[in-house]
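Novice: just coords:
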């Protein structure tokens, strides 16, 4: 049994969620959080690292930070450069974080991951654009546009929120007690 299966607890009875994890090879799942820009504040980096560490019980989770487009470029040029970088790094089922996207509850995100796994997806890429957002080309290429609401959040805080929601979704699917 894999290390992640052991993390579920060897001495407790298996639930249907546990069976789902084993059946779809959940321990082989990869989740990429791909974002434009670097996190400078240690408290944001620490929070992201904590949720990534917790989520790694269930999947191989990575955060990929890509360089901002040069500020000398126009906003449209910056959006194109950054969107191209994001598309170039995206693998598997692509979820573009976008205000125009669908809003999902934590349970809805868990169900999305579960249903895509059931269909054979083993890798997910969550894309966070720069301050000028995504190009229409990126939106068209994404498997889904996902929104956390109409509010605007600082990109650093949003990465913490996304990391936490991914961890929560994995816990929901695993049947662990984090989500209440």
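Specialist: All right, it came through fine. Nothing here was measured: the structure is a model prediction, and the numbers come from that model.

Novice: What's the local residue count around the closest residue to residue 48 other than its chain neighbours?
Specialist: Leaving out its chain neighbours, the residue that sits closest to residue 48 by CB to CB, 6 or more residues apart in numbering is residue 163, at 4.9 Å. For the C-beta atoms, the positions are set from N, CA and C on the backbone; glycine is no exception. Neighbour count of residue 163, defined by other CB atoms under 10 Å: 25.

Novice: same deal with residue 41?
Specialist: 11.

Novice: secondary structure element for the closest residue to residue 62 other than its chain neighbours?
Specialist: Of all residues not flanking residue 62 in the chain, residue 32 sits nearest, at 5.3 Å (CB to CB, 6+ apart). Residue 32 is part of strand 30-36, with elements assigned from DSSP states H and E.

Novice: roughly how far is that strand from the heart of the chain?
Specialist: Computed by CA atoms, centre = their mean, to the nearest Å, the chain-centroid distance of strand 30-36 equals 6 Å.

Novice: ok, which stretches of the chain are helices?
Specialist: 3-7, 16-23, 42-55, 75-89, 106-118, 136-141, 155-174 (DSSP state H).

Novice: In this model residue 35 seems to touch residue 155, though I could be wrong.
Specialist: Yes. Under the criterion of CB atoms under 8 Å, residue 155 makes contact with residue 35 at 6.9 Å.

Novice: the more surrounded of these two?
Specialist: Neighbour comparison, residue 155 and residue 35: the larger count goes to residue 35, with 26 against 17 (by other CB under 10 Å).

Novice: returning to that earlier point: out of the helices of the chain, deepest packed?
Specialist: helix 155-174 (a mean of 21; mean count of other CB atoms under 10 Å).

Novice: other SSEs contacting that one?
Specialist: Counting contacts by 3 or more CB pairs under 8 Å, 6 or more residues apart in numbering; DSSP states H and E, helix 155-174 packs against helix 16-23, strand 30-36, helix 42-55, strand 60-66, helix 106-118, strand 123-128.

Novice: Quick one: closest of the ones you listed to residue 140.
Specialist: strand 123-128 (12.9 Å; CB to CB).

Novice: strands paired with the closest one, and their directions?
Specialist: strand 30-36 (parallel), strand 93-103 (parallel) (DSSP bridges).

Novice: picking up where we left off before, and the residue nearest to residue 48, what does it touch?
Specialist: 33, 47, 48, 51, 52, 55, 63 (CB atoms under 8 Å, 6 or more residues apart in numbering).

Novice: How much space separates the most centrally placed residue in the chain from residue 76?
Specialist: Closest residue to the average C-alpha location of the chain: residue 126 at 4.3 Å, with CA atoms, centre = their mean. With distances taken as CB to CB, to the nearest Å, residue 126 is found 24 Å from residue 76.
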